[in-house]
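Peer 1: Dropping the sequence and predicted coords here.
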Amino acid sequence: MRVSPLDPGRWLGAHLGLVLLFLYLPIAVLIALSFNDSGLPTAWTGFSTRWYESVVTDEKILGSAANTIIIGAISTIIATAIGTLLALGLERLTNNALLDGLVFVPGIIPDIVLAIALLSFYNLVFTGLLGLKLGLWSVIVAHVVFNITFVTAIVRTRLRHFDISIEEASLDLGANEITTFRRITLPIILPGVIAAALVAFTLSVDEFVVAFFTAGTTITFPIQVYSMIRFGGTPEINAIATVVVFVSFVLILASQRLTREQV
Amino acid sequence: MEPQRELIRIEGVTKRFGHIVAVDEVNATIRENEFFALLGPSGCGKTTLMRLLAGFETPDAGRLLLDGRDLVGVRPYRRPLNMMFQSYALFPHMTVFDNIAYGLRQEGAGRGEIERRVADALALVQLTGFGRRRPHQLSGGERQRVALARALVKRPKVLLLDEPLAALDRKLRVEMQLELKRLQDTVGITFLIVTHDQEEALVMADRVAVMDRGRILQVATPDELYEAPNSRFVASFIGESNIFIGRLSIAGDTATLVGERATWSVAPGAPGRVGLANGAWAAIVVRPERLHLERLESAVPFDRQTMDAGALNRVDGVVGDVVYLGSTRKYVVELSDGSRALSRVQVGQRGDDLTPGTRVSTTWAIKHGVLVPAEAASSGSGAGTGALG
């Protein structure tokens, strides 16, 4: 078959190539620089992993990374549990667009708005009335707030194709509601739940604005990176960024595999 | 099957969804070992009635007795009934074996017993050796059998089947109708099937309840439903029928139906049997194979004598479409009063030589006209059609 020069397939292919280049060229440059011995963007002085070594020996960076992983893990577990149940409730019990909107808003309003709202709330209730200090817990709660939204949305896409009579069949065969949830509902939606958890974890780890406002004196990983850049970019940043890109990529890829429709 | 003792009694059951009355004060009894069908068009409430029995819906009024015990308020997992779902509702993350074993595990059955009973159930539906497959590896017919085995393995008192054959192609459906019937004989369990397909109900069921708009109109054997429908709806829903509408005129022992342009004789005793009084609107239902056609120009009019004796009703008309159906031929007759009639004749038999445009007399024996109540003659007389080709 002859391929016409005006074949739309070709143009789409070229378009795809250009878009990928546009998206990933800066990241590719960053990754390359992270291995540059001189650490300067101006000259390539040879391949080196010394910036990675200096990152993994920097206690400030490691400490903030540990904080971020704790925040990510705990907020993901809480948001996944709450969001999954919320998705079940919304999908099964209501057909209310306003309610759907209310659940979705915390995820799409600007981070800065959410951050200020949470900070005011914390100052009023927790630090003001209860005398608590902001710290890890306040970031965890803040991240749970927006992550519930994303978990709910992702789990709902899985539930939309769920044949409710499968649960009825389980009840009909003698299993009560709790057994039915454990043995039937949860296993079937589990890929969606795990995908949602991966996305929630990724969002929490990358999140800067809300954490910055609600962390008190606690330093999370993005806050640490920000403070390093404020006093002039250091070559370690390139190494850190490369690691973050890699981890995010793996997590998103995994969640994509899980959300793909299964038979 | 012999009539058995009563197993299920449905007493004044009503179920509303918002303003819609899905099931409207329904009464019915289902006997032990019976193959019982709930038949009706979509939205008639038949599925809701079945779901009330299974426990997925709660009635707004009435009682559902199983062996004399009221099921209302009993959770679905505590009812000795099992259901086969229209979508089959197999557990996609489990093997065929685990699907069938699921219900037994809930009862706390031992491993040996589970393996034995699952094997028996698989053999019963002719799927021995399929235990390790997963639902997505099965054909539609195989999935249907697994769903059947999963429900039967619990040895329920009643097996509920919600449109069990709707997802199968026609050939398989016809096979499975007989298969289900055979299976019911084998296991000796009461089967309650919900279907919109009259053929399915007539082929399989011992008794059929015809439903419309939340009510049961008639409960009868398939023969009775066809030969003696009790309403216009049942007559048009089951098979094909010719319906002639008019007002009853009763004078002593003889009754006639006075239509807009014609008058027909009514079988003796029919008005009393269906509870119709003088002056009531009524319809005569005549099955197409009971309607005889005869050329008007024939030298000797068909059965002149019996007609003179008042044993035949007659309307004249002109043959319209002629449809060949294999063993029979269907004639559509444009009647003189502007309506249509259907007549079905065995191919090659007497009367099967008419061409479109032939003027004919249309006759039926008075005893073959079934009298049913009717609303005012809005649509006039004419042929109602059902799905039975």
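Peer 2: Happy to help now that I have it.

Peer 1: pLDDT score for residue 18?
Peer 2: I went with chain A, as the question did not name one. In the predicted model, A:L18 carries a pLDDT score of 94.

Peer 1: That was the other one, I meant chain B.
Peer 2: pLDDT, B:G18: 91.

Peer 1: Look up how far A:F246 lies from it.
Peer 2: 55 Å (CB to CB, to the nearest Å). C-beta here means a position set from N, CA and C on the backbone, and glycine is covered the same way.

Peer 1: Settle it for me: which of those two has more neighbours?
Peer 2: A:F246 (11 against 6; other CB atoms under 10 Å in any protein chain shown).

Peer 1: wait, what's in contact with the more buried one?
Peer 2: By CB atoms under 8 Å, 6 or more residues apart in numbering or on different chains, no residues touch A:F246.

Peer 1: Around chain B, pick out the residues from the stretch 51-200 of chain A.
Peer 2: Within the stretch 51-200 of chain A, the residues that sit near chain B (CB under 8 Å from any CB of the partner chain) are A:163, A:165-166, A:168-176, A:179, A:183-184, A:187-188.

Peer 1: And those residues, which of them are buried?
Peer 2: The neighbour-count criterion (16 or more other CB atoms under 10 Å in any protein chain shown) marks A:165-166, A:168-175, A:179, A:183-184, A:188 among these as buried.

Peer 1: Including secondary structure and pLDDT, could these go into a markdown table?
Peer 2: Listed next are these as a markdown table, based on DSSP: H, G, I helix; E, B strand; the rest coil; pLDDT from 0 to 100:
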| residue | secondary structure | pLDDT |
| --- | --- | --- |
| A:S165 | helix | 93 |
| A:I166 | helix | 96 |
| A:E168 | helix | 96 |
| A:A169 | helix | 96 |
| A:S170 | helix | 97 |
| A:L171 | helix | 96 |
| A:D172 | helix | 96 |
| A:L173 | coil | 96 |
| A:G174 | coil | 94 |
| A:A175 | coil | 95 |
| A:T179 | helix | 96 |
| A:R183 | helix | 95 |
| A:I184 | helix | 95 |
| A:I188 | helix | 92 |
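
Peer 1: Closest one of these to B:R170?
Peer 2: A:S165 (24.0 Å; CB to CB).

Peer 1: which residues touch the spatially closest residue to that closest one that is not a sequence neighbour?
Peer 2: Spatial nearest neighbour of A:S165, chain neighbours left out: B:A89 (4.1 Å); criterion: CB to CB, 6 or more residues apart in numbering or on different chains. B:A89 makes contact with A:163, A:165-166, A:168-169, B:147, according to CB under 8 Å, 6+ apart.

Peer 1: if we go to 7 Å?
Peer 2: A:163, A:165-166, A:168-169 (CB atoms under 7 Å, 6 or more residues apart in numbering or on different chains).

Peer 1: What is the nearest of those residues to B:E107?
Peer 2: A:A169 (15.5 Å).

Peer 1: what sits against the closest one?
Peer 2: B:85, B:89.

Peer 1: Report how many residues lie close to the closest residue to B:P41 other than its chain neighbours.
Peer 2: The shortest distance from B:P41 to any non-neighbouring residue, by CB to CB, 6+ apart, is to B:H196 (6.0 Å). Neighbouring residues of B:H196 were enumerated by other CB under 10 Å; the total is 20.

Peer 1: Look up how far B:G45 lies from B:H196.
Peer 2: 12 Å.

Peer 1: got the end-to-end distance for stretch A:127-134?
Peer 2: 7 Å (CA to CA, to the nearest Å).

Peer 1: just how off-centre is it within its chain?
Peer 2: Stretch A:127-134 sits 28 Å away from the centroid of its parent chain (CA atoms, centre = their mean, to the nearest Å).

Peer 1: For it, which residues meet the burial criterion?
Peer 2: Buried-residue list, stretch A:127-134, by 16+ other CB under 10 Å: A:L134.

Peer 1: got the contact list for it?
Peer 2: Taking CB under 7 Å, 6+ apart as the rule, stretch A:127-134 contacts A:122, A:126, A:214-216.

Peer 1: And the average pLDDT for it is what?
Peer 2: Rounded mean pLDDT across stretch A:127-134 is 79.

Peer 1: State the three-state secondary structure for B:A22.
Peer 2: strand (DSSP: H, G, I helix; E, B strand; the rest coil).

Peer 1: Report the contact partners of it.
Peer 2: B:15-16, B:45, B:48, B:214.

Peer 1: per-residue confidence at it?
Peer 2: So, for B:A22, pLDDT stands at 95.

Peer 1: just B:A387 next, same as before
Peer 2: Reported pLDDT for B:A387: 33.

Peer 1: And for A:G13?
Peer 2: 88.

Peer 1: That one and chain B, how far apart?
Peer 2: 34 Å (CB to the nearest CB, to the nearest Å).

Peer 1: got it, and A:L134?
Peer 2: 43 Å.

Peer 1: What does whichever residue of the stretch 151-300 of chain B sits closest to chain A show for phi and psi?
Peer 2: Using CB to the nearest CB, the closest approach of the stretch 151-300 of chain B to chain A is made by B:K154 at 6.7 Å. Phi and psi for B:K154, reported as degrees, to the nearest 10, are phi -80, psi 0.

Peer 1: which residues touch it?
Peer 2: A:173, B:82, B:103.

Peer 1: Pretty sure the last one sits against B:V153.
Peer 2: So that's B:G103. Yes. Between B:G103 and B:V153 there is a contact under CB atoms under 7 Å: 6.3 Å.

Peer 1: Great, nothing more from me.
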